[in-house]
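*Asks:* 3D, please:
(one chain, ligands or ions: 2)
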Amino acid sequence: MAPVSTHIGAEAGAIAPLVLMPGDPLRARWIAETFLDDATCYSEVRGMLGYTGTWQGRPVSVQGSGMGQPSMAIYVNELFRDYDVQSVIRVGSCGALSERLALRDLVIASGACTDSSMNRITFEGLDYAPVADFGLLRAAADAAPEAHVGLILSADSFYATRPELTTRMAEHGVLAIEMEASALYTIAARHGRRALAVCTVSDHIVTGEETTAAEREQTFGRMVEVALTAGLGIGTTAG
Ligand SMILES: O=P(O)(O)O[C@H]1O[C@H](CO)[C@@H](O)[C@H]1O
Ligand SMILES: O=c1cc[nH]c(=O)[nH]1
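*Replies:* Ligands and ions are numbered 1, 2, ... in the order given. Sure thing, here's the model as predicted:
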């Protein structure tokens, strides 16, 4: 059988109803090798690795998204449209914007602000509020009582040209900054599917502390456990 989508080289039926989605394709490989049983690689297109295996006997896939909302949007659109995926949980890294957060803390994003023009174009000047699926959010918060639950900022630029605007977001309660959740939440809503972002603090914008690339790739296991527990706990095969 031939692949059914443009950017994911998987055959029909090769991707599970629940997909964990890190930005880093090598984190996808680490998650598959570390957490899943009988994982097989279904796509290597553009190096954006995807795997399907099982966790506690239930099928789960892991698909890299790349960095930024345009890249995430390509993969998540194809997962929902071409592979009938029901739930996507981003398992990402993020930068802490508040001193209440420490390196390696978990952040569960109830909603995602953004500086991206993607939704401005879609909604023609209206301010859409991209939010997590409530069932997934509640399940993840139950699975990780230590996590911070709240707003994050999905920025288009890793290297901010106007850091004062990030500070203003933090002054309005935004906990952390990353680059994909806003598009994920918006596209999931458009398709009537479930989405959540669970992130690990990889660097601290206030204190300047940071983790290494190898740590971001291979040591953020707690967010993976939380995502698997939440994603499989709520009946992911339902429409
Ligand atoms: O570690 P990932 O999941 O890629 O997430 C964060 O890391 C990248 C930037 O270094 C961006 O994709 C950002 O959202
Ligand atoms: O997008 C990101 C991810 C981690 N840390 C940041 O500062 N930004």
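*Asks:* please count neighbours and contacts with C-alpha atoms only from this point.
*Replies:* OK.
*Asks:* show me what the worst-scoring helix or strand of the chain on mean pLDDT is packed up against.
*Replies:* Least confident helix or strand of the chain, by mean pLDDT, DSSP states H and E, is helix 118-123 with a mean of 93. If you count contacts as 3 or more C-alpha pairs under 8 Å, 6 or more residues apart in numbering; DSSP states H and E, helix 118-123 packs onto no helix or strand.
*Asks:* distance from that helix to the middle of the chain?
*Replies:* In terms of C-alpha atoms, centre = their mean, to the nearest Å, the centre of helix 118-123 is set 20 Å apart from its chain centre.
*Asks:* so which bits of that helix are buried?
*Replies:* Residues Met118, Asn119 are the ones in helix 118-123 that count as buried (16 or more other C-alpha atoms under 10 Å).
*Asks:* quick one, strands of this structure?
*Replies:* Remark: strands assigned in the chain by DSSP state E are 18-21, 37-43, 50-55, 58-63, 87-96, 106-114, 148-154, 176-178, 194-204.
*Asks:* can you list contacts of the second one?
*Replies:* Translated: strand 37-43. 8-11, 14-15, 32-33, 49-55 (C-alpha atoms under 8 Å, 6 or more residues apart in numbering).
*Asks:* hey, which helix is longest across this protein?
*Replies:* helix 69-83 (DSSP state H).
*Asks:* what lies in contact with that helix?
*Replies:* Taking C-alpha under 8 Å, 6+ apart as the rule, helix 69-83 contacts 4-8, 12-13, 15, 23, 65-66, 85-86, 88, 156, 179-184, 187-188, 191, 193.
*Asks:* show me which of those are buried.
*Replies:* So, by 16+ other C-alpha under 10 Å, the buried ones in these are 5, 8, 15, 23, 65-66, 85-86, 88, 156, 179-184, 187-188, 193.
*Asks:* what subset of these is also close to ligand 2?
*Replies:* When contact is defined as C-alpha under 6 Å from any ligand atom, these meet ligand 2 at Met179.
*Asks:* in helices, which of the buried ones among the contacts of helix 69-83 appear?
*Replies:* Per DSSP H, these map to helices at Ala181, Ser182, Ala183, Leu184, Ile187, Ala188.
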